[in-house]
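Trainee: Sequence plus the predicted model coming up.
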Amino acid sequence: MEIIFWAITVVVTAQMLFVIWNLRHLPRLMVFEAGRQWLDENDAALDNRPKLSVLIPARNEVDRIADCIAGVLADPSPHIEVLVLDDRSEDGTAELVRQAGDGDPRLQLITGEEPPPDWMGKSYACWQLAQRAQGQWWLFLDADVRVGPNGLAVLLNAALEQGNGLITGFPKQITETWLEKLIVPLMNFVIACHLPIKLVRDSHDPRFVAAHGACMLIHKDSYWSFGGHAAFRAHLVDDMQMAKAVKMANQPVALVNICDHLSMRMYTDAHSVWNGYKKNIYAGVGRNPIVLFGMLVFYMFMYVIPALTVFVSIGCYAIVGVNGLATDLFVLSLVSWLIGLLIKTIIDWRYLLSWGHALWLPVSILLLISIAIASWWASKDGRGYTWKGRTYQ
């Protein structure tokens with residue numbers, strides 16, 4: 001038993017060192033001068049066409065779309081077009097888009113078509129937007145994203161430096177309800193703990209990718225080089241598939257830290273958190289049950305068992321007193337637990353989240369395991385996943 005806890009301590013320590021090294025390779029975007037100049041200057045060669053197309057698929061986003069549009073249109077550049085596709089909304093999204101535009105000629109509202117049977121809803125919405133986009137760079141933006149001052153210029157600064165390909169990043173996550181706080185920040189945790197971020201940019205291997213569909217800035221030529229969303233029309237996790245497709249087309253991909261400039265609240269209640277992650281987790285590991293359950297076992301041993309052992313040991317001390325073996329297990333499990341909390345604290349700090357989230361890491365992991373099992377089971381029993389009124393397999 002003691003050797004198991006020694007192994008956990010060694011592995012979680014190695015994990016912490018990897019995270020510290022890994023996050024050093026996540027560029028924090030702060031410079032915007034070149035992007036600002038490019039957005040504002042006239043270019044006769046473009047024949048007055050827009051330079052940047054902001055493409056927003058929107059389905060039942062009446063509570064969030066106005067703030068998204070306001071943030072984008074706050075940029076003064078005349079060389080921006082904002083295309084919003086109303087994806088068969090049933091809550092008045094289209095009317096709110098018209099009001100939010102307030103007559104700004106840069107905004108266009110597109111009425112979306114029902115997706116064909118072999119298309120996922122969001123991918124088909126993005127595909128329709130791509131048919132209308134005229135800019136050199138296209139920013140696929142989710143309706144719940146809030147763009148801060150010079151946010152577009154900061155992204156374009158990185159894009160112009162890269163030249164083509166894809167720039168993507170995780171916006172700062174706004175969380176309010178208890179399940180949001182426990183689950184949503186684990187996106188950043190998983191990436192920082194397992195994906196060598198340096199290889200996202202430096203390797204041509206499509207296995208080394210990460211992307212967030214809320215913010216995907218891609219050069220138009222790079223988009224068409226792999227056939228656009230049609231290339232992965234039936235895949236649930238379209239953002240990861242796009243990143244892989246860009247790499248397979250020999251185009252560069254960069255994962256960057258955009259938390260200073262973009263923020264979002266992905267989910268607004270426990271039900272949407274559960275269903276949103278349930279839809280994506282199993283598809284995100286390629287529907288491979290061995291990979292899924294291997295990761296869950298790893299997380300259980302690294303981040304849950306040490307905390308449980310600490311509390312069990314304290315209970316045993318209160319009943320039977322200090323025991324030599326129990327003391328060793330207590331110390332090892334306490335060290336492992338504290339290192340795990342430190343890992344979470346470092347990652348949350350990097351993504352501008354409250355350090356207090358880290359204290360609940362064992363609970364977060366248990367909930368993540370529960371959602372992951374539900375995600376696997378929904379695929380296995382054929383019920384599929386329901387999201388925004390549509391059912392997916």
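Mentor: Everything's here; your move.
Trainee: all strands for the stretch 201-350 of the chain, in order.
Mentor: Secondary structure of the stretch 201-350 of the chain, counting by DSSP state E, counting those that start in this stretch: strands at 215-219, 253-256, 262-264.
Trainee: so what strands line up beside the first one?
Mentor: Okay, so that is strand 215-219. Sheet partners assigned to strand 215-219 using DSSP bridges are listed as strand 137-141 (antiparallel), strand 166-169 (antiparallel).
Trainee: likewise the second one?
Mentor: Looking at strand 253-256 with DSSP bridges, its paired strands and their directions are strand 166-169 (parallel).
Trainee: Contacts for the strand it pairs with next, please.
Mentor: Defining contact as Cβ atoms under 8 Å, 6 or more residues apart in numbering, one finds that strand 166-169 is touched by 29, 155, 158-159, 210-212, 215-219, 222, 239, 242-243, 246, 251-259, 262. Glycine gets a C-beta too; all of them are placed from N, C-alpha and C.
Trainee: partners of the helix or strand that it is followed by, with directions?
Mentor: From strand 166-169 onward toward the C-terminus, using DSSP states H and E, the following helix or strand is strand 172-173. Strand 172-173 has the following strand partners under DSSP bridges: strand 262-264 (parallel).
Trainee: one step back: now the strands paired with strand 215-219 in TSV, please, with extra columns for distance to V273, mean neighbour count and mean pLDDT.
Mentor: As requested, the strands paired with strand 215-219 are arranged in TSV below (distance: least, Cβ to Cβ, whole Å; neighbours: other Cβ atoms under 10 Å; pLDDT from 0 to 100):
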stretch	distance to V273	mean neighbour count	mean pLDDT
strand 137-141	21	26	98
strand 166-169	21	26	97
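Trainee: Which one of those lies nearest to G71?
Mentor: Nearest to G71 among the strands paired with strand 215-219 is strand 137-141 (9.4 Å), distances taken as Cβ to Cβ.
Trainee: Could you export the strands of the stretch 201-350 of the chain as TSV, including distance to C316?
Mentor: TSV is the format used below for those (distance: least, Cβ to Cβ, whole Å):
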stretch	distance to C316
strand 215-219	49
strand 253-256	45
strand 262-264	45
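Trainee: Please spell out which residues along stretch 346-357 are buried.
Mentor: Residues of stretch 346-357 classed as buried under the neighbour-count rule (16 or more other Cβ atoms under 10 Å) are I346, I347, D348, R350, Y351, L353, H357.
Trainee: The first one contacts I20, correct?
Mentor: Which is I346. Yes - judged on Cβ atoms under 8 Å, I346 makes contact with I20 at a distance of 6.7 Å.
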